[in-house]
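Novice: Have a look at this prediction, sequence included:
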Amino acid sequence: MIAATINQRFPPPQFTETGHQMPHLTAPPPRAGALDYLDIAVLFACLALATWIVLRRRERREVVLLGLFSLLYFGFWRNGCVCAIGSIQNITQALFDPGYALPLTVLAFGVLPLVFALFFGRVFCAAVCPHGAFQDVMLLKPVQLPVWLEHGLRLLAYLYLGLAVVFAATGGGYIICRYDPFVQIFRLTGSLTMILTGVIFLLMSTFIGRPYCRFLCPYGVLLGLAGSVSRWRARITPDKCTQCRRCQDACPFNAINKVTPKALQIDPTPEDKRRLAIRCALLPLVAVAGLWLGGLSGDSLAKAHPTVALAERIYLEDAGAVTGVTDASTAFRAEGTAPEKLSAEAHALVTRYVLAGRLCGVWVGLVVGLKLIALAWRPRRLEYATDAVRCVACARCFDHCPQEHKRRHALRAAAAPVPTTGQPG
Amino acid sequence: MKRRTFFSGLARVAAVLGLGGLAGRLARRAQAGHTVWQIDPWKCTSCGKCATECVLELSAVKCVQFYDICGYCDFCTGYFEPQPNKLNTGAENQLCPTGAINRKFIEDPYYEYSINEPLCVGCAKCVKGCTLFGNGSFHLQIRHDRCLNCNECSIAKACPVQAISRVPAGKPYLFKTLEGKK
């Protein structure tokens, strides 16, 4: 196959007659590194601006404008790469693979939105993430999903995050990037299947608010967790809630918690306590079930790794179970490495995958168990408020709150000079 | 509510410290300059996947000619079909499906072969011919004026020998050299 050295079967000519000069090979340079720092600066500026708009300006229109800018800059101009969602995988790989050099840009994209979420809620989702902004501007006529469906689908994102971390940590690839529905549209090129998936997501976005953000986005999971302990976050109104429930109808993402009905504003009944106790006892069981299922799936997960896939192929070829060869198996045989070495390597990898699958299973199990506990819990809510985990700070509810209208009116009246009735003098 | 505020504050401080620690640890190892994808020509098996797997419609991978290594052969096994009718530029004699290789007479018996890059699709047919029977001066490289530098290179994922990896942007090409494999 490929020779290890240049064998110069045909000696290069001297061109004694014509004195011909060999042309130089051109090598177009990559994008300048300084532009990477520009990306970080733009990200930081957008996050700061989004925070200011959501928390101080409280203007939906400005959120949309900033979202459109992010969509154009991070989406169509920067081709959606690198994005905060995908950075989870680079950071995971950097943690598990000492040979991997993590670019600073990727680190900044992974960490900055989380830091902002810890203090100001999910302002990144509101107007900085091109994926979120894309779906947000597509929303025309939101429908509310049934509660059970909403809760069930939201669990998918946790599973997706777990799998993405498993594959990134073991060298199986970056599944978030591979199955990103929008990046192909940002690039205006790509495989037909993924472009169609993107188009389907965008069409769904017209009536289901942000389907990718709510039900799949693995970074949204992290931002939600960070948002749950945020210091400040988008409030429907800074004033007293009058419980008109207009905001709840305005939120397309089911991210506003209702007031507990009067009849249910009571201390937990024995029935409630019993249900809670059962769910708590269920938690370790669900986690163990996750452990078991995750371990079982380890073998199939491992097939995503090229070394494991190659070892399996070589084994099947040697056993005569398959006919023909693949490019990879031909190259492997030409290289002359012993198949035993490859299979030992593959076995070690499968062991790692089983362990990773178990951990991922426990993670999903714990999430499901805690969700069951949360559903059995009946908090006493006395006013309508944004949910710290689910609210993406889109600022839609502000415009629907009568208290907010009153507040703005007062602000305008205070800012405007008192109108005079007649012309002076 | 007081207790809740206290615990969320505690969690926030813990999260900030954790994130800071993680970022600090990674930042020390992180590369200040960025990295780009490139093909190692020594590993490449010219399987042809570069032409089909790139996210771009016309692949970012192109064949390049490394003139120092080229033998300037009349019967170039990268340019001609295995059994050409005649050693001329007739399309039926050429290996390249898009006619992206130019053949120019220099002096007897030497011909210069250069790549017309906009036409090249990166199919590696010429690379295979040149590597198997010639000096191996044709090789595939990711051209950085075209490459989008995706977070995960889809060609790298499909490459049968993992010949594509990230290299520092300061040295974005891995050309073959006369000294051979480093």
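Specialist: Happy to help now that I have it. Quick caveat: nothing in here was measured; it's all calculated off a predicted structure.
Novice: Do you know the pLDDT at A:His409?
Specialist: Here, the pLDDT recorded for A:His409 equals 90.
Novice: Would you map the helices across the stretch 101-250 of chain A?
Specialist: With DSSP state H, counting those that start in this stretch, the ranges of helices along the stretch 101-250 of chain A come out as A:104-120, A:123-127, A:130-138, A:147-170, A:175-178, A:183-187, A:192-205, A:211-215, A:218-227, A:246-250.
Novice: elements contacting the shortest one?
Specialist: If I follow you right, that is helix A:175-178. Using 3 or more Cβ pairs under 8 Å, 6 or more residues apart in numbering or on different chains; DSSP states H and E, the elements in contact with helix A:175-178 are helix A:84-96, helix A:147-170. Glycine gets a C-beta too; all of them are placed from N, C-alpha and C.
Novice: What residues of whichever strand or helix holds A:Val362 count as buried?
Specialist: Applying DSSP states H and E as the criterion places A:Val362 in helix A:339-376. Neighbour counts over helix A:339-376 (16 or more other Cβ atoms under 10 Å in any protein chain shown) mark A:342-343, A:345-346, A:349-350, A:352-354, A:356-369, A:371-372, A:376 as buried.
Novice: same deal with stretch A:239-254?
Specialist: Counting neighbours by 16+ other Cβ under 10 Å, stretch A:239-254 gives A:Cys241, A:Cys247, A:Gln248, A:Ala250, A:Cys251, A:Pro252, A:Phe253, A:Asn254 as buried.
Novice: Likewise for stretch A:141-159?
Specialist: Within stretch A:141-159, the residues that qualify as buried are A:Pro142, A:Leu145, A:Arg154, A:Ala157, A:Tyr158, A:Leu159, counting by 16+ other Cβ under 10 Å.
Novice: Which of the residues you listed sits closest to A:Pro306?
Specialist: A:Leu159 (23.8 Å; Cβ to Cβ).
Novice: Just the pLDDT for the closest one.
Specialist: For A:Leu159, the model assigns a pLDDT of 96.
Novice: what about the closest residue in space to A:Val111 that isn't next to it in sequence, helix or strand, and which?
Specialist: Among residues not flanking A:Val111 along the chain, B:Ala23 sits closest, at 4.8 Å (Cβ to Cβ, 6 or more residues apart in numbering or on different chains). Using DSSP H and E, B:Ala23 sits within helix B:2-29.
Novice: And that helix, what does it pack against?
Specialist: helix A:84-96, helix A:104-120.
Novice: Let me know the next secondary structure element after it.
Specialist: Next in sequence after helix B:2-29, counting helices and strands by DSSP H and E, comes strand B:35-39.
Novice: For the helix or strand just after that following strand, output the C-alpha coordinates as CSV.
Specialist: Note on strand B:35-39: by DSSP H and E, the next helix or strand toward the C-terminus is helix B:49-53. Listed next in CSV are the C-alpha coordinates belonging to helix B:49-53 (Å, rounded to 0.1, in the frame of the first residue of the first chain):
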residue,chain,number,x,y,z
LYS,B,49,-14.4,9.1,1.0
CYS,B,50,-13.0,12.7,1.1
ALA,B,51,-15.0,13.4,-2.0
THR,B,52,-18.3,12.2,-0.6
GLU,B,53,-18.2,12.7,3.2
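Novice: so what secondary structure elements neighbour helix B:49-53?
Specialist: helix B:154-158.
Novice: Now mean pLDDT and distance to A:Arg210 too, for the helices and strands packed on helix B:2-29, in TSV please.
Specialist: Formatted as TSV, the helices and strands packed on helix B:2-29 follow (pLDDT from 0 to 100; distance: least, Cβ to Cβ, whole Å):
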stretch	mean pLDDT	distance to A:Arg210
helix A:84-96	93	13
helix A:104-120	93	16
